[in-house]
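Sequence first, predicted model second:
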Amino acid sequence: MDQPRTILCLASFHKGFEFLREAKAQGWIVLLLTSKSLEHEEWPREAIDEIFYMPDVDKVWNRDDVIKGVSYLARRREIDRLAGLDDFDVETAAALREHLRIPGMGETTARYFRDKLAMRLKAREAGIPVPEFTNVANYDDIRAFMARVPGPWLLKPRLSASALGIHKIEKPDDLWPKLDALGDEQSFHLLEQFVPGRVYHVDSLINDREVVFAIASRYGTPPLAVMHGGGIFSTIVCEHGSAEESALIAANEKVLKAMGHVRGASHTEFIRADDGTFHFLETSARVGGANIMDLIETATGLNLWREWAKVETQESAYRVPLWRRDYAGLIMSLARQEWPDLSVFADPEVVIRHKKRHHVGLVWRAPSYSRVEQLQADYLARVQRDFQASAPPPAKATE
């Protein structure tokens, strides 16, 4: 009888429960490495054979300590696969694969899914449209960039997730105080032309370097404006068969091929410029955050965490299940009320009402794109009027 194979999952944040359950359901031994500060959180312990804890500061681990600790673990465990479940775990998992020679995404490739400068350079090299940008390194190059490329510009951290730490720069004189304040951290940023337009995301599964599933969606207010302007986060699935959807699916496939994604999930963002061109913004090697997984599962019936686990454990035998081509929408907002009464959203299309303190969260589904779009407009207006609260953007990632 063959010995069960072993997968080590890295989760510096409290997430990935369905991945862990599915890996166990596939008959694998499941090991979890997580942050010491998450020791008492509710993990699906029935699906985990052993849990190991790393000392952390705000969920950040010491890379050397992780490599030494996992290498010690490998003395008595044959580790067949590694999965980094959060953005911040992607590079750590890649470093461990390199060190222990475990198949999968290595450090060079992982950089394209974490470093916003690296992914832009790679996209531009592959002929994929990107907003104009420059490295924040040589000051003469920065001055030449601002003289050549009209403002405003965005000063972006290269390694942060979502819209964290992004600053809008209106004129050249506004940039230099920001760089002075960053000190030695300024080279970990890039400067990019601000391109106004609608922002989209494509969520994918990749196996053996091929995109085997992809679905395109359109944000309401762009995430940058939501995080820094206190707006309401919303997104809906794009119309199936539309030119918009076809262009996004094709652009996403080109991006993931250029970046060299090997196996797993991806969340990729694009912006549609005034001329209709889709410009690449950023990509990742993980399931989309902000409850986007609920949106996709509601529309398609596929849970991307579970499907990612199947990709990792079934490998070349993996086939995407038949999926439903419905439409879905998602809204998330801070709420003035401690426990908002979401029963007032009584339409039969509402599938999920998130129960979370000081939050409004809704997911709805319909077979008609126009109905989902209509409900998005209605719910945005009602949430803004009756529930919405705002807070300063967080200094660090919270998930």
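Happy to help now that I have it.

give me the element Phe270 is part of.
According to DSSP states H and E, Phe270 maps onto strand 264-272.

Report the mean per-residue pLDDT for that strand.
On average, the pLDDT along strand 264-272 is 97.

Over to stretch 71-85?
In this model, stretch 71-85 carries a mean pLDDT of 96.

Just the endpoints, please. Distance across it?
Using C-alpha to C-alpha, to the nearest Å, the end-to-end distance of stretch 71-85 comes out at 19 Å.

Now do it: distance to the chain's middle.
With C-alpha atoms, centre = their mean, to the nearest Å as the basis, stretch 71-85 stands 24 Å off its chain's centre.

For it, give me every contacting residue.
Outside of stretch 71-85, the residues within contact range by C-beta atoms under 8 Å, 6 or more residues apart in numbering are 5-11, 13, 15-16, 19, 28, 31, 52, 70, 90-94, 96-97, 99-100, 102-104, 264, 285-286, 308-309, 312-313. Bear in mind the C-beta positions are built from the backbone N, C-alpha and C, glycine included.

Please pull out the lowest mean pLDDT helix or strand from the protein.
Among the helical and strand segments of the chain, the one scoring lowest on mean pLDDT, DSSP states H and E is helix 223-229, with a mean of 74.

just to revisit the earlier point, what subset of the contacts of stretch 71-85 is buried?
Buried members of the contacts of stretch 71-85, counted by 16 or more other C-beta atoms under 10 Å: 6-11, 13, 15-16, 19, 28, 31, 70, 90-94, 96-97, 102, 104, 264, 285-286, 308-309, 312-313.

Can you get me the start-to-end distance on stretch 333-341?
14 Å.

oh, and call the first residue 151 from now on, that's how I've got it
Will do, 151 is the new start, and the previous item becomes stretch 483-491.

Run through who's touching it.
Residues from elsewhere that reach stretch 483-491, judged by C-beta under 8 Å, 6+ apart: 382-383, 505, 507-511, 533, 537-541.

at 6 Å what do you get?
Contacts with stretch 483-491, where a contact means C-beta atoms under 6 Å, 6 or more residues apart in numbering, come from Ile382, Arg507, His508, His509, Val510, Val533, Phe537, Gln538, Ala539, Ala541.

Could you give the backbone dihedrals for the closest residue to the fourth one other than its chain neighbours?
Counting by C-beta to C-beta, 6 or more residues apart in numbering, His509 lies nearest to Ala485, which is 5.7 Å off, once chain neighbours are set aside. According to degrees, to the nearest 10, the main-chain angles of Ala485 amount to phi -120, psi 150.

where do the helices sit along the protein?
167-175, 213-223, 240-250, 257-262, 266-275, 289-298, 322-332, 373-379, 393-409, 442-450, 454-464, 519-536 (DSSP state H).

between the second one and helix 240-250, how many degrees?
Angle of helix 213-223 versus helix 240-250, following axes from the mean of the first three to the mean of the last three C-alpha atoms, to 10 degrees, is 50 degrees.

Show me which parts of helix 213-223 are buried, residue by residue.
Val216, Ile217, Gly219, Val220, Leu223.

With the longest one instead?
Across helix 519-536, burial judged by 16+ other C-beta under 10 Å covers Tyr519, Arg521, Val522, Glu523, Leu525, Gln526, Tyr529, Leu530, Arg532, Val533.

Tell me, how many residues neighbour the nearest residue to the first one once chain neighbours are set aside?
The reference is to Tyr519. Nearest residue to Tyr519, sequence neighbours excluded (C-beta to C-beta, 6+ apart): Glu389, at 4.5 Å. Using other C-beta atoms under 10 Å, Glu389 has 17 other residues around it.

what does Glu248 give?
By the criterion of other C-beta under 10 Å, Glu248 has 16 neighbours.

What distance do you get for the residue nearest to His509 to Gln534?
Ala485 is 11 Å from Gln534, where distance means C-beta to C-beta, to the nearest Å.

Any stretches of this protein with poor pLDDT?
Within the chain, the ranges that satisfy pLDDT under 70 run 151, 311-313, 377-379, 541-549.

center of it - which residue?
For the chain, Gly438 is the residue whose C-alpha lies nearest the centre (C-alpha atoms, centre = their mean; 3.7 Å).

Distance check, the spatially closest residue to that one that is not a sequence neighbour against Glu462.
Using C-beta to C-beta, 6+ apart and skipping the chain neighbours, the partner closest in space to Gly438 is His417 (3.6 Å). Separation of His417 from Glu462 (C-beta to C-beta): 17 Å.

same deal with Ala224?
The spacing between Ala224 and Glu462, counted by C-beta to C-beta, is 18 Å.

got it, and Ala423?
Separation of Ala423 from Glu462 (C-beta to C-beta): 36 Å.

again with Asp476
From Asp476 over to Glu462 (counting by C-beta to C-beta), the distance is 27 Å.

show me what contacts the closest residue to Lys272 other than its chain neighbours?
Nearest residue to Lys272, sequence neighbours excluded (C-beta to C-beta, 6+ apart): Tyr262, at 5.3 Å. Going by C-beta under 6 Å, 6+ apart, Tyr262 touches Ala268, Met269, Lys272, Met409.

ok, now which ones touch Gly511?
Met482, His504.
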